[in-house]
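In: compute the structure for the input listed below.
(chains A and B)
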Amino acid sequence: MAEVSRAADFLARTERDLLGGFRTWLVLEILEKQGPVHGYAVVAGLETILGPGTAKEGTIYPLLSVLEKEGLAESAWGTDGPGARRRYYTLTRAGSQARRMARMVFDDTLTSIHSYLERDA
Amino acid sequence: MNKILKQYLRDLERHLTNIRVSHRQPILDETRAHLESRVKDLQAEQPHLSEDERYLHATYAFGPAEELAVAYEGDDVILRSSPGKDAVDLLWVSARSLGRGTVAATKTTGKILGTTAGVILALGVLILVMIVGLLAIALIVAPQLGEAFEDEINLATPTAIYDYSISEHDLPGKTDVVIHSFEITEDFLQARGDVYVNTNMGCANVQFVSPSGTTYDGPSTTCDEEGFILQMTERGVWQIRYNVALFQGSVHVKVLGARSA
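Out: Coordinates of the predicted model:
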């Protein structure tokens, strides 16, 4: 029973770390493909890719704020009709470049991992 | 506004105290927009839920307000740790250690010498060390405090960048153009020009010219202009032109800037 619990803990931790690492890159991908896009749509996009409830929705907004401060994204306020105003995000040129580089790192890493696992098997 | 949403936003605002004042409202607006969108979607997905239940669901999925505030604080805090603060901490620890050492030395010296002179000498050294320490702390801490509350101070007291008044007695009673310049530096986050014109006779038209050369008139370029307000987004040297023609009356212009929104 304790072993199952330890394995479950490990799985939860690994999943959280892996998804956490993917998240920033995937947000860049969503902004590139769908931008200009508001935070709610970014969350919806992430849930489509990673599955619902993989992260607290609110954590996307500080991440978008960081991307903006780092010059990778920019935002403008707008409205979709009645209700609170929304902030729409797009990638900057630096953001597009960062996305491409992140994609290359992901592809290379995945290829290396596959190669190692197949060789080992 | 739904009471659960209101409570959540109030809770979030309460936890955003370390975030710059100008950044708080956009965070609250964005959070509200997200939660309202989620509730709208939930209404379609789960129509059996009451409005309060939908808001509870939405706020839970969004995450605890406190955690969200901490995530925002990562790169935007007023009271942030800095090398200066580290220096203060180091100085304080050093002064405290030195103080303790001196007290110990006082006792030891007193025992060894067994004289009042030894104790007085050691106490003198202790007092001297404390004075030097306090002076150093005051010199470093004072600017730190100033920096920490700079946002609030600037928000509370907008700076006058340009202030000019002319009356019928000062103005030439003929067609003339008076040109002034002023600079809005990069450190101003907001700047606004307020123009008030009171015409008794003739014509006075006030124009702002931005650093890039764009000319801004009031709502009317004719003589019945009463004044206007201009949000000034460009930074650099602005020009203001008073075009007067047989004008009698008064013109007052004030440009105010705030280093925090």
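
In: and the pLDDT for B:Arg14?
Out: B:Arg14 is assigned 90 on the pLDDT scale.

In: and it, how many neighbours?
Out: If you count neighbours by other C-beta atoms under 10 Å in any protein chain shown, B:Arg14 ends up with 11. For the C-beta atoms, the positions are set from N, CA and C on the backbone; glycine is no exception.

In: quick one: average pLDDT of stretch B:199-209?
Out: On average, stretch B:199-209 scores 79.

In: so what's the residue count around residue 43?
Out: You didn't pick a chain, so chain A it is. Counted with other C-beta under 10 Å, residues neighbouring A:Val43 total 25.

In: was after chain B, sorry
Out: Residues lying near B:Gln43 (other C-beta under 10 Å) number 12.

In: okay, and it sits in which element?
Out: According to DSSP states H and E, B:Gln43 maps onto helix B:21-45.

In: residue in chain A nearest to chain B?
Out: Of the residues in chain A, the one nearest chain B is A:Lys56, at a distance of 3.2 Å by C-beta to the nearest C-beta.

In: that residue against B:Glu67, yeah?
Out: Yes. A:Lys56 is within contact range of B:Glu67, at 7.2 Å (criterion: C-beta atoms under 8 Å).

In: remind me which residues of the chain are low pLDDT?
Out: Using chain A. A:1, A:55, A:79-84, A:120-121 (pLDDT under 70).

In: looking at chain B here, not the other one
Out: For chain B, the stretches with pLDDT under 70 are B:75-116, B:118, B:137-158, B:167-174, B:200, B:219-226, B:260-261.

In: residue contacts, the residue of chain B found nearest chain A?
Out: With C-beta to the nearest C-beta, the shortest gap between chain B and chain A falls at B:Gly63, namely 3.2 Å. B:Gly63 is in contact with A:56-59, counting by C-beta atoms under 8 Å, 6 or more residues apart in numbering or on different chains.

In: check which helices and strands the helix holding B:Gln43 is in contact with.
Out: Helix B:21-45 sits against helix A:39-50, helix A:60-69, strand A:86-91, helix B:3-15, helix B:51-62, helix B:65-73, helix B:150-156, with contacts defined as 3 or more C-beta pairs under 8 Å, 6 or more residues apart in numbering or on different chains; DSSP states H and E.

In: so which bits of that helix are buried?
Out: Applying a neighbour-count criterion of 16 or more other C-beta atoms under 10 Å in any protein chain shown, one finds B:21-24, B:26-39, B:42 buried in helix B:21-45.

In: stretch B:245-260 too?
Out: Across stretch B:245-260, burial judged by 16+ other C-beta under 10 Å covers B:247-253, B:255-260.

In: what do you get for stretch A:54-62?
Out: Within stretch A:54-62, the residues that count as buried by 16+ other C-beta under 10 Å are A:55-62.

In: got the end-to-end distance for stretch A:61-77?
Out: Start-to-end span of stretch A:61-77 (C-alpha to C-alpha, to the nearest Å) is 14 Å.

In: quick one: the host helix or strand of B:Gly257 to helix B:21-45, angle?
Out: Following DSSP H and E, one finds B:Gly257 within strand B:236-258. Angle between the axes of strand B:236-258 and helix B:21-45 is 80 degrees (criterion: axes from the mean of the first three to the mean of the last three C-alpha atoms, to 10 degrees).

In: SS state for A:Ala12?
Out: Assigned state for A:Ala12: helix (three-state reduction, DSSP: H, G, I helix; E, B strand; the rest coil).

In: helices of the stretch 101-250 of chain B, start to end?
Out: B:116-148, B:150-156 (DSSP state H, counting those that start in this stretch).

In: center of chain A - which residue?
Out: The structure's chain A has its C-alpha centroid closest to A:Arg23; by C-alpha atoms, centre = their mean the separation is 2.2 Å.

In: return the residues in contact with the closest residue to B:Arg241 other than its chain neighbours.
Out: Counting by C-beta to C-beta, 6 or more residues apart in numbering or on different chains, B:Arg241 lies nearest to B:Gln207, which is 4.5 Å off, once chain neighbours are set aside. Going by C-beta under 8 Å, 6+ apart, B:Gln207 touches B:215-217, B:240-241, B:243.

In: now the buried members of the residues you listed.
Out: B:216, B:240-241, B:243.

In: looking at these, which is nearest A:Ala41?
Out: Distance to A:Ala41 across these (C-beta to C-beta) is lowest for B:Tyr216, with 36.2 Å.

In: what about stretch A:50-57, start to end distance?
Out: Taking C-alpha to C-alpha, stretch A:50-57 runs 13 Å from one end to the other.

In: what does chain A put close to chain B?
Out: A:38-40, A:43, A:53, A:56-59, A:61-63, A:65-66, A:69, A:83-87 (C-beta under 8 Å from any C-beta of the partner chain).

In: I'd say B:Ser210 and B:Glu234 touch.
Out: Yes. Look at B:Ser210 against B:Glu234 with C-beta under 8 Å: they come within range, at 4.4 Å.

In: the more surrounded of these two?
Out: The residue with more neighbours, out of B:Ser210 and B:Glu234, is B:Ser210; 18 against 14, by other C-beta under 10 Å.

In: and that one, how far is that from A:Gly45?
Out: 39 Å (C-beta to C-beta, to the nearest Å).

In: for A:His114, which of the helices and strands packed on helix B:21-45 is the nearest?
Out: Closest among the helices and strands packed on helix B:21-45, once you apply C-beta to C-beta, is helix A:39-50, at 19.9 Å.

In: any idea how far the closest one is from the middle of the chain?
Out: Relative to its parent chain, helix A:39-50 has a centroid offset of 9 Å by C-alpha atoms, centre = their mean, to the nearest Å.

In: for it, packing partners?
Out: In terms of contacts (3+ C-beta pairs under 8 Å, 6+ apart), helix A:39-50 is packed against helix A:2-34, helix A:60-69, strand A:86-91, helix B:21-45.
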